[in-house]
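Participant: Sequence and predicted structure below; questions after.
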Amino acid sequence: MELIDEAVTNGARLFKACEVLEISVRTYYRWKSGKVSDLRKGAEKRVPRKLTKVEKLEILNISCSERFADTNPYQIVAILLEEGTYIASASSFYRVLREYDLVHHRRKGRPGNRKATPPELIATGPNQVWSWDITWFKTSVMGIFFYAYVIIDVWSRKIVGWEVHERESDKLAAELFKRLASEQNIRGVRLHSDNGNPMKGATMIMMLYKLGIIPSFSRPRVSDDNAFSESLFKTLKYTAGFPQYFTDLGHSRSWLADFVDWYNNKHRHSGIGYVTPNQRHSGESTMIMQKRNETIAKAYASKPERWSRKPALWNEVKEVYLNPSWKRLKAS
């Protein structure tokens, strides 16, 4: 820096003097203000809060000592504080022990395993991603239920298949999908469900692969992973006229058939722009959106003073995500 000052005093341009020494003018001014630490990425930095090597060795010696061999870091810190000694926090103890690979499962029981997040599934049209689940219908006899198997298309929200039985069974579920495959082409459909026995039974899995359906599964006890089916079941059970209990299997099947007809053909779903699932599934919703926008445009042209700004247009959601990635959620 003294060389640069001397060169500038003798008439040299500052940026030329910095160029000779291969530094920028900003670096020169930063050094002149007293900030001489190396700020380059990857450069060694002195962090006052960081534990020194001596402190880390002390943590290791204390944790591995005979006295504290069977004591966790929280207990170690508490005992040392009572004795008037502070080495580091419990989290720092854990961090150092992990650094030296000294944190392991030591209980008799099996260690808990974290389930990976289910894959992100993207639907851009009908029959690409389906979601399915089984819900219980109460009967007039306490403890006895009927079981409704319901499959929904994630993109259109259309109920594409359903059955009601007296038990949960992977064989019954396999027969349901076999019937659907005989009615329409479902090869290549991505099918999401929870981890119930009917969903992961050997008969069911074999049938799915035979039909060309690719399964994916939720994490245990995480209902958000199968949100479309859970939302459908809430609509089903909170709709007007849902029976307190069903008298017999025929009653449950006829009621669900009426519900499916109403849901697919009359229910205007908020998640797909207030069109019915069948309108969305068939592609009719595109013309419906255009008609709405034309009507709004005419109204705006006739009386623009009624709007403080141009009216918002109705747009179809082109992509629907099941279990969107964290990056996508953060971006939205």
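Facilitator: Yes, it's here.

Participant: Give me the residues contacting the longest helix seen in the chain.
Facilitator: Criterion DSSP state H: the longest helix present in the chain is helix 284-302. Contacts made with helix 284-302 from outside it, assessed by Cβ atoms under 8 Å, 6 or more residues apart in numbering, are listed as 272-273, 275, 278-279, 306-307, 310-311, 313-316. In this view, the C-beta of every residue, glycine as well, is placed from N, C-alpha and C.

Participant: residues of it that come out buried?
Facilitator: Counting neighbours by 16 or more other Cβ atoms under 10 Å, one finds that the buried residues in helix 284-302 are S285, I288, M289, I296.

Participant: try stretch 132-140
Facilitator: By neighbour count, with 16+ other Cβ under 10 Å as the criterion, the buried positions of stretch 132-140 are W132, D133, I134, T135, F137, T139.

Participant: Turn those residues into JSON lines, including secondary structure and distance to S216.
Facilitator: JSON lines is the format used below for those (DSSP: H, G, I helix; E, B strand; the rest coil; distance: Cβ to Cβ, whole Å):
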{"residue": "W132", "secondary structure": "strand", "distance to S216": "11"}
{"residue": "D133", "secondary structure": "strand", "distance to S216": "13"}
{"residue": "I134", "secondary structure": "strand", "distance to S216": "17"}
{"residue": "T135", "secondary structure": "strand", "distance to S216": "20"}
{"residue": "F137", "secondary structure": "strand", "distance to S216": "27"}
{"residue": "T139", "secondary structure": "strand", "distance to S216": "32"}
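
Participant: check contacts around E319.
Facilitator: I122, A123, T124.

Participant: next one: V103
Facilitator: Residues in contact with V103 (Cβ under 8 Å, 6+ apart) are Y94, L97.

Participant: can you give me the strands for the stretch 1-150 of the chain?
Facilitator: Applying DSSP state E, counting those that start in this stretch to the stretch 1-150 of the chain gives strands spanning 121-123, 129-138, 145-153.

Participant: just how off-centre is the very next helix or strand once past the last one within its chain?
Facilitator: What that stands for is strand 145-153. Once strand 145-153 ends, the next helix or strand along the chain (criterion: DSSP states H and E) is strand 159-165. How far strand 159-165 lies from its chain's middle: 27 Å, per Cα atoms, centre = their mean, to the nearest Å.

Participant: and the closest residue to F217 other than its chain neighbours, how many neighbours?
Facilitator: The spatially closest residue to F217, leaving aside those adjacent along the chain, is N195, at 5.5 Å (Cβ to Cβ, 6 or more residues apart in numbering). By the measure other Cβ atoms under 10 Å, the count of residues near N195 is 15.

Participant: All good on my end, thank you.
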